[in-house]
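> how would this look folded up:
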Amino acid sequence: QNLAQAKQLAADVEYQLLTENYNVLKTTKKQKLRQVADQYIEFAKTQKRSWDRDVVSLKHILNMEINNKKLGEFYLDSIKVSDVQKYQVKRKHELDQIFDQKGTAETKRSYASINREVACLKHIYYVAIEWDFVEKNPIVSKAIKKFKEQERKRTIDDYEFQMLINKSSGHLHPIILIALNTGMRLGEILKLTWNDIIFEEQKITIKLTKNDEDRDVPINNFLYNVLWKLPRKGSYLFTNRSGKPIKSIKTSWTTIRRKLEIKDLHFHDLRHSAATRMAKAKVTESVIALILGHKQRSMTSRYINPHWEEMVEAVEVLGTLCHELVTNSESKQVHDGSNI
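Next comes the predicted model:
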């Protein structure tokens, strides 16, 4: 703005060059968040299997109006901590309107999606720093708080357990049995191929898991018989009429829940149920973590080194329960004459 200021800036630059700090010579074109987001998605497609979730998050982020301007039109280095906080407040208001329309009680409302969106933005900044688009990440500020996420603790009782394994049919039946006997995620089950089932060693090899690490899960005797009897119509265990792998069980899962009048049950709750059953059988936390493929374990688990034999014993607990419930149900049908 004046000669004195210009001389001071020149002196500062000269000093930086004399101390071999050449960063002052870097000139980078300012980037808008929308431009960087487009580049980020192309990058994420090669690095993340869940890149499509980032696409959904960015739709909300880029189109949100902050101070009468869409966030996507902000220059990356101009977004402040206060802008991110305003985003959180406005997104919560949007979700609350949806919850109000659905009649969802305040205690049942979840804002985990907002946490994912902010986490996505945070990662974009980390990548942008590596690309020399920006120097700092405003999302790391402690002033940006996460919404408390409700921990889901729903598991199935013996009655629900028995009804699911005896009343389900079609491809849903073996899918449920795999979940209850291994604790596998639905996505992992639907991606299973026959090459992943090692009958000789009684194990399932799960590839490209959520944590990007392969893992092996033992096949108990009950599940062994279930898998052995499955028809082989292609390379995948579960295929549609076209021979392609099944992508979703939403319709069949909703149908069985309504038929059995089981409320508030997600398929992922079967994974929780498997873990709970093993825990009740005194299976160590470290063994359960290995079976479920949890990357982060408690401090206690670090001092325990489970072996494959312990994992085999753990899933056998689940197989025994399935066998007992199926046998009891069949015996009851014979006694009642309901099998006639």
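
> all the helices of the stretch 51-200 of the chain, residue numbers only.
For the stretch 51-200 of the chain, applying DSSP state H, counting those that start in this stretch gives helices covering 51-63, 81-102, 112-130, 158-167, 172-182, 186-190.

> could you identify which of those helices is most buried?
Comparing those on average neighbours per residue, with mean count of other Cβ atoms under 10 Å, the densest one is helix 172-182 at a mean of 23. Where C-beta positions appear, they are placed from N, C-alpha and C, glycine not excepted.

> now that one: average pLDDT?
For helix 172-182, the mean per-residue pLDDT is 94.

> tell me what that helix is packed against?
Packing partners of helix 172-182 (3 or more Cβ pairs under 8 Å, 6 or more residues apart in numbering; DSSP states H and E): helix 158-167, helix 186-190, helix 221-228, helix 250-260, helix 268-280, helix 308-336.

> weakest of the helices of the stretch 51-200 of the chain by average pLDDT?
Mean pLDDT is lowest for helix 158-167 among the helices of the stretch 51-200 of the chain, at a mean of 89.

> that helix to helix 250-260, inter-axis angle?
Between helix 158-167 and helix 250-260, the angle comes out at 120 degrees (axes from the mean of the first three to the mean of the last three Cα atoms, to 10 degrees).

> in the chain, where is pLDDT below threshold?
Counting by pLDDT under 70, the chain contains low-confidence ranges at 23-28, 208-212, 295-307, 329-340.

> what do you get if the cut-off is 50, keeping everything else the same?
The chain contains residues with pLDDT under 50 at 298-305, 334, 338-340.

> which one of the helices and strands packed on helix 172-182 lies nearest to Asn240?
Comparing the helices and strands packed on helix 172-182 by their distance to Asn240 (Cβ to Cβ), the top pick is helix 186-190, with 11.0 Å.

> contacts for that closest one, please.
If you take Cβ atoms under 8 Å, 6 or more residues apart in numbering as the criterion, helix 186-190 is touched by 175, 178-179, 206, 209-210, 237-238, 245-247, 249, 267-268.

> now the buried members of those residues.
Among the contacts of helix 186-190, those buried by neighbour count (16 or more other Cβ atoms under 10 Å) are 175, 178-179, 206, 209, 237-238, 245-246, 249, 267.

> want to throw these into JSON lines with distance to Glu261?
Below are these laid out as JSON lines (distance: Cβ to Cβ, whole Å):
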{"residue": "Ile175", "distance to Glu261": "21"}
{"residue": "Ile178", "distance to Glu261": "24"}
{"residue": "Ala179", "distance to Glu261": "20"}
{"residue": "Ile206", "distance to Glu261": "33"}
{"residue": "Thr209", "distance to Glu261": "34"}
{"residue": "Leu237", "distance to Glu261": "29"}
{"residue": "Phe238", "distance to Glu261": "26"}
{"residue": "Pro245", "distance to Glu261": "31"}
{"residue": "Ile246", "distance to Glu261": "25"}
{"residue": "Ile249", "distance to Glu261": "19"}
{"residue": "Phe267", "distance to Glu261": "17"}
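
> out of these, flag the one nearest to Gln47.
Using Cβ to Cβ, Thr209 is the member of these that lies nearest Gln47, at 16.0 Å.
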